[in-house]
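Undergrad: Fold the following, please.
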Amino acid sequence: MSDVTKVRNLGIIAHIDAGKTTVSERILYYTGKEHRMGEVHEGAAKMDWMEEEQQRGITITAAATSIPWKGYRINLIDTPGHVDFTAEVERSLRVLDGAIVVFDGVHGVEAQSETVWRQADRYHVPRLCFVNKLDRAGGSFDRSVTSIRKRLSLPPLPIQIPVGAEREFRGVIDLVRSEALLWPEEGLGDHYERAPVPAAMEEEAAIHRLELVAALADLDDEIADRYLAEEPVEPELLEAAIRRVTLACKGTPVLCGAALRNKGIQPLLDAVLAYLPSPLEVPPAHGIEPESERALERACDDAAPFSALVFKSYADRHGDLVYLRIYSGTCHENGHAYNPRARKGERIQQLYRMHANERERLKEAHAGDIVATVGLKYAVTGDTLCEKAHPILFEGARFPETVISMAVEPKSGADRDRMVEVLKRLTRDDPTFDWREDPETGQTLIAGMGELHLEVLVHRMLRDFQLAVNVGSPRVSYRQTIAGRGAGEGRFEQEAASKMQFAHVAVEASPLDRPEGFKIEWDDRVRLTLPQPIAEAVERSLGDAARSGAGESYPLIGVRVRVVAATYREEEATDLAFEVAASRAIEAAAERAKRVVLEPVMRVEIRTPNEFVGPVLGDLNSRGASIDGTAPLDATSTQLTATVPLAEMFGYVGTLRSLTQGRASHSMEPTGYRPVPPDVARKLLL
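TA: Residues are numbered from 1 along each chain as shown. Here you go, the predicted model:
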């Protein structure tokens, strides 16, 4: 077994085009994992191994690898930056101990930067910031740090400043050790020079170091004592304090570089070892005992009972590859585990350490490891694997609702059944992908996070499963919620096969605080009167009714349903009878609670030259946008932020190019749901 104190489980997260995968490729090269640098623009990046990634030049799926650096092992996950694939970031951060957040030094914090930052906040992930692309025209370290300070939750702690700017960028000054790190202009950046701080920058570096100490004094008692006493702060004390603050998620170190020009990566790797936690330095994994729901925890210890979380799966024609984060115990090849959600045993046939799409066979894996396996029959994203004698259930990641859908049909009628099987496999892989049969039209509808998301999945159907399909135009995925409280009951009484079947269920529906999710609760006395299979049938029916709209076209979200009464006659009770009764009860309750149709809205961020601000704002207003703010980026350009219904944003990229002569850029991300106007709601519910 390796020393777990020398393990780092790390993710790289960023807005699209910040240079995240380029950073990953340089890390692979400098650690010796790869012997040549893969370039995104050439379609040769090792971590972007999917055909679509290489063709489009973007990351689509989170890719894992394990790399050595100075006697440590770094388990690295490179995540997508495009909003359509935010689920890959969410499930990766759920199991990671630390993260590098990459920023475009020209633009600073961007829309998706904020999204991935909030995801890291949600799972209390310590992080480093890396301001990239400082060799580009308009690149500014100070402006990027200011945007981090203004727009993100943790105070930035710059531990480097750049030497030179834009085309003259040639290295960094390490403020902790007060030395310059300089790279040659040519070559692959394998070697760099440690030198005294250039005389012309001595005063600037001293001021920035004093600012770093002052910022730490607000966050760390030991540094505060030194600062107030005006005593010098040695590099070792400063590094230890930065580590304490980072691990406590009270601040975040900021480094800088230019990955495409091979500058700044080795010090970033050193900072990973110095400031991000080992698996032993993060809190124990928290879960519950499945039957009693008693709180449990698992410390990172090989001697503890085995427990792991399934955070990702990938299906292809050869079978499902399932990724695990092991929290405690040891996992062996050809070993056995228990899945408490499915209440089934699983066999772990083979274990792998992954390098993108390449596999290294393992005999065993230990607490703190991130590995992959094949052969699991029941596991899906978010499931726990554990010992049956010591069961525990971890909370999985949380994923947003789908916002867009389209119809699909197989090009060959003989492939209809196979298409259903393929859709089921893709649903297991991707928690933000869904599909259903429209009961009125008979069409198969697939739903996801955006047009690109669904386009990639359709390509996967052809590439991985040789299933060609015809697709319809994208459509908005509307939802329903309820405006108030409502009660409803359902009865089922019918004779079948000379036997009377009877069930009665009563429920109360009320809104949740936020329009998301669907929660089922029980009156304790009612729950105790029903056998487990009957109670499960009721919950299954309520969940199915919510997904199908409880008698209407759009799924119910933001609703709490409480089962308040049930009549159970042992000789007449069947699962079917209670499923029908529960379905009728929730339909009645939703009607009395007054349904509200919701549409997805997007947070749109646009960067445009100043001369086009007026036309862009006018176009946004015509789309029913709420303008949230305008702010100058520099002397020649402005950033606009707005909230716009998704239904109004199809094809927007072409309109924006036309309005701005192709000089503006935009990004958008789902920000929630809001009620549609009454006239639109009437049309949608016809």
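
Undergrad: Next, the buried residues of whichever strand or helix holds Ala365.
TA: Using DSSP states H and E, Ala365 maps to strand 364-366. By neighbour count on 16 or more other CB atoms under 10 Å, the buried set for strand 364-366 is Ala365, His366. Heads up, the C-betas are built off the backbone N, CA and C, glycines and all.

Undergrad: which strands and helices sit next to that strand?
TA: With contacts taken as 3 or more CB pairs under 8 Å, 6 or more residues apart in numbering; DSSP states H and E, strand 364-366 sits against strand 319-328, strand 330-332.

Undergrad: Tell me which of those strands sits nearest to Gly490.
TA: Closest of the helices and strands packed on strand 364-366 to Gly490 is strand 319-328, at 37.9 Å (criterion: CB to CB).

Undergrad: Using PDB, write out the CA atom coordinates for whichever strand or helix holds Gln639.
TA: Gln639 belongs to strand 637-645 when assigned by DSSP H and E. The C-alpha coordinates for strand 637-645 follow below in PDB (Å, rounded to 0.1, in the frame of the first residue of the first chain):
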ATOM      1  CA  SER A 637     -15.800  46.700 -24.300                       C
ATOM      2  CA  THR A 638     -18.700  46.100 -21.900                       C
ATOM      3  CA  GLN A 639     -20.100  43.000 -20.200                       C
ATOM      4  CA  LEU A 640     -23.900  42.600 -20.100                       C
ATOM      5  CA  THR A 641     -25.700  40.100 -17.800                       C
ATOM      6  CA  ALA A 642     -29.400  39.200 -18.200                       C
ATOM      7  CA  THR A 643     -31.900  36.600 -17.400                       C
ATOM      8  CA  VAL A 644     -33.800  35.300 -20.400                       C
ATOM      9  CA  PRO A 645     -36.300  32.500 -21.000                       C
END
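
Undergrad: Touching whichever helix or strand comes after that strand from outside, list them.
TA: The C-terminal neighbour of strand 637-645 among helices and strands, as given by DSSP H and E, is helix 652-660. By CB atoms under 8 Å, 6 or more residues apart in numbering, the residues outside helix 652-660 that reach it are Ile606, Thr608, Pro609, Phe612, Pro615, Val616, Asp619, Ala664, His666.

Undergrad: what ranges of the protein fall below the confidence cut-off?
TA: 1-2, 35-55, 316-319, 439-441, 497, 685-686 (pLDDT under 70).

Undergrad: follow-up on the earlier one: what comes up buried for whichever helix or strand comes after the strand holding Ala365?
TA: Counting by DSSP H and E, the next helix or strand C-terminal to strand 364-366 is strand 370-374. Neighbour counts using 16+ other CB under 10 Å place Ile370, Val371, Ala372, Thr373 of strand 370-374 among the buried residues.

Undergrad: can you tell me which of the contacts of helix 652-660 are in helices?
TA: Taking DSSP state H, the ones among the contacts of helix 652-660 that sit in helices are Pro615, Val616, Asp619.

Undergrad: dump the residue contacts of the closest residue to Val616 other than its chain neighbours.
TA: Nearest non-adjacent residue to Val616, counting by CB to CB, 6 or more residues apart in numbering: Thr608, 5.4 Å away. Listed by CB under 8 Å, 6+ apart, the contact partners of Thr608 are Val616, Ser637, Thr638, Leu640, Thr660, Arg663, Ala664.

Undergrad: From Arg151, how far out is Thr608?
TA: As judged by CB to CB, to the nearest Å, Thr608 and Arg151 stand 19 Å apart.

Undergrad: if we can go back for a sec, I'd like the helices and strands packed on strand 364-366 written out as TSV, with mean neighbour count and distance to Ile223 added.
TA: Formatted as TSV, these follow (neighbours: other CB atoms under 10 Å; distance: least, CB to CB, whole Å):
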stretch	mean neighbour count	distance to Ile223
strand 319-328	23	33
strand 330-332	17	40
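
Undergrad: Tabulate the ones you listed in JSON lines, adding columns for distance to Arg623.
TA: Output for those, formatted as JSON lines (distance: least, CB to CB, whole Å):
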{"stretch": "strand 319-328", "distance to Arg623": "40"}
{"stretch": "strand 330-332", "distance to Arg623": "52"}
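
Undergrad: wait, isn't Val89 in contact with Val116?
TA: Yes - counting by CB atoms under 8 Å, Val89 does reach Val116; the two are 5.4 Å apart.

Undergrad: intersection of neighbour lists for these two?
TA: Ile13, Thr79.

Undergrad: ok, back up a step: report the two of the contacts of Thr608 separated the most.
TA: The widest separation within the contacts of Thr608 (CB to CB) is 13.9 Å, between Leu640 and Arg663.

Undergrad: chain center to the strand holding Ala365: distance?
TA: 26 Å (CA atoms, centre = their mean, to the nearest Å).

Undergrad: what about Leu640 and Arg663, which has more around it?
TA: A count of neighbours by other CB atoms under 10 Å puts Leu640 above the other of Leu640 and Arg663, at 21 against 14.

Undergrad: Surely the more buried one is in contact with Asn610?
TA: No - with contact defined as CB under 8 Å, Leu640 does not count as touching Asn610 (11.2 Å).

Undergrad: Name the residues contacting each of the two.
TA: Between them, Leu640 and Asn610 share no contacting residue under CB under 8 Å, 6+ apart.

Undergrad: Can you tell me the strand partners of the helix or strand containing Asn75 and which way each runs?
TA: In this structure, Asn75 is located in strand 72-78 according to DSSP H and E. The pairing partners recorded for strand 72-78 under DSSP bridges are strand 7-14 (parallel), strand 63-69 (antiparallel).
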